[in-house]
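Sequence plus the predicted model coming up.
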Amino acid sequence: MATAKQKDACDLLDADHKAVKKLFNEFEKLTESRGNTREKKRMLADQICQELTVHAQIEEEIFYPAIRKAVKDELMMAEAEVEHMSAKDLIAQIQEMEAGDALFDAKVTVLGEYIDHHVKEERNEMFPKARASKVDLVKMRDALQARKEELMAELEQMAA
């Protein structure tokens, strides 16, 4: 998703946030337009779900454990995990639906609202605490990027 080299792990994760926000905005425009947009909506929803799945996985595998250890804010970390679980549940529902199903648009929209809330908390609470900690976020950025590329490649192989 991110083309320019990000300064640290928080920048990399935030670049993901911005890229997926663009996808949600595109989806919203499609829901407001007339005409047959089912195919485009399906493709966008699939891309959103894929991006969020990979993003959540790299956060859970690499970012969260290091930040949990360094920052010692159990409530903040627990909330982030619960938000990830809720998002994953909605992602699974969206992936099982057809674009023309009654609740498809609503579920994608609500997922976008969940993600907006989650991103605000990360930007305003977690990232500042991570940057104030002793965690090497530049080194972590490289680990996150490598793992993200690995997961994306796996998903592309599965889709082929």
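Everything's here; your move. Residues are numbered from 1 along each chain as shown.

Next up, identify which helix or strand the residue lying farthest from the centre of the chain is on.
The outermost residue of the chain, judged against the average C-alpha position, is Gly35 (29.0 Å), by C-alpha atoms, centre = their mean. In this structure, Gly35 sits in neither a helix nor a strand according to DSSP states H and E.

what ranges of this protein fall below the confidence cut-off?
1-5 (pLDDT under 70).

so which strand or helix has the residue nearest the centre of it?
The residue lying closest to the centre of the chain (C-alpha atoms, centre = their mean) is Leu52, at 3.2 Å. Applying DSSP H and E as the criterion places Leu52 in helix 38-58.

any idea of the angle the next helix-or-strand element following that helix forms with helix 38-58?
Once helix 38-58 ends, the next helix or strand along the chain (criterion: DSSP H and E) is helix 64-71. Angle of helix 64-71 versus helix 38-58, following axes from the mean of the first three to the mean of the last three C-alpha atoms, to 10 degrees, is 50 degrees.

Show me what helix 64-71 is packed against.
In terms of contacts (3 or more C-beta pairs under 8 Å, 6 or more residues apart in numbering; DSSP states H and E), helix 64-71 is packed against helix 74-96, helix 127-132. Heads up, the C-betas are built off the backbone N, CA and C, glycines and all.

Need the residues that contact it.
74, 77, 80-81, 126, 129-130, 133-135, 140 (C-beta atoms under 8 Å, 6 or more residues apart in numbering).

about what we covered before: okay, the helices and strands packed on helix 64-71 in CSV with distance to Phe24 and mean neighbour count next?
Rendered in CSV, the data for those read as follows (distance: least, C-beta to C-beta, whole Å; neighbours: other C-beta atoms under 10 Å):
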stretch, distance to Phe24, mean neighbour count
helix 74-96, 12, 15
helix 127-132, 20, 15
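
okay, those helices in JSON lines with distance to Arg68 next?
Conversion of the helices and strands packed on helix 64-71 to JSON lines gives the following (distance: least, C-beta to C-beta, whole Å):
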{"stretch": "helix 74-96", "distance to Arg68": "5"}
{"stretch": "helix 127-132", "distance to Arg68": "10"}
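
Quick one: closest of those helices to His17.
helix 127-132 (10.3 Å; C-beta to C-beta).
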